[in-house]
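Undergrad: I would like to see how this sequence folds:
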Amino acid sequence: MRVTPTNGDGRSGPMSKRFLLIVMVTLMGTSLASPVAANSGSVDTIRDFQTVLAVARPADFPVASLMRADCAFVVRVEHPDGSARETQVCQLSDEPVMIPAFQGAPPTRAFIDLVGPCAWFSDYWFNKNGTDVLASSVRLLVTPSGHVVVTSTYPAEPLSCE
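TA: All right, here's what the predicted structure looks like:
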C-alpha cells in the first residue's frame, strides 16, 4: 500500500511535510541497523497489513477510542542480545472495528500515546507467524490526517503478562 500524506483535504501541505520528516527520520534510524545484522542481529520488514490501534485515551478506554489502520510496513531490528525495536507506518482506515462502541475517530490534534509493558502486541510477529508477543514499551503517534507511526520495544526474553 502507498501512504500519501495530505492535510485531510486531499492537498499536501505542512502536515504532510512533518509526516514525511517523521518517516524519513524513522527510515534513517532503521538504516543504521546494518551493523546490527553484521553482529548476529537481524533486520526484517513486513509490508501491507492491517492493525487496530488507539486514537484516544479517555477515562473509559477503549470506548470510542479504537480504529483500524492499513500499514505500509513494519521494520523489526533485533539486536545481538535478542532485544528488538519495531517501527511501523500506517494510515487510519474507514473500516469499523469489531465492537461498535469502541469505534473512534481521527484526532483533531496529534495524538501521542506512550504505553508501558503488556499493552501492545507485535504486529510483526502476528503477521509473521500468528503469535502474540507483547511489547515492553510503545510510542504511538496519530495525526489528524490519519497518519500513524508506531515504535515498540521488546526485551530479549518475551514478557509474561497476566
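
Undergrad: beyond the lowest-mean-pLDDT helix or strand in the chain, next helix or strand please.
TA: The helix or strand of the chain with the poorest confidence is helix 34-38; it has a mean of 46 (mean pLDDT, DSSP states H and E). Going down the chain from helix 34-38, the next helix or strand is strand 42-54, by DSSP states H and E.

Undergrad: now do the helices in the chain.
TA: 14-31, 34-38, 123-129 (DSSP state H).

Undergrad: run through the bridge partners of Val142.
TA: Phe111, Val148 (DSSP bridges).

Undergrad: also the one 10 residues further on?
TA: Beta-bridge partners of Ser152, counted by DSSP bridges, are Glu86, Val138.

Undergrad: I'd say it and Glu86 touch.
TA: Yes. Using C-beta atoms under 8 Å, Ser152 is in contact with Glu86, at 4.9 Å. In short, each C-beta sits where N, CA and C put it, glycine included.

Undergrad: how deep is Ala59 tucked in, by neighbour count?
TA: 5 (other C-beta atoms under 10 Å).

Undergrad: if we can go back for a sec, in terms of mean pLDDT, which of the helices of the chain ranks lowest?
TA: Here the helices of the chain differ in mean pLDDT, and the lowest is helix 34-38 at a mean of 46.
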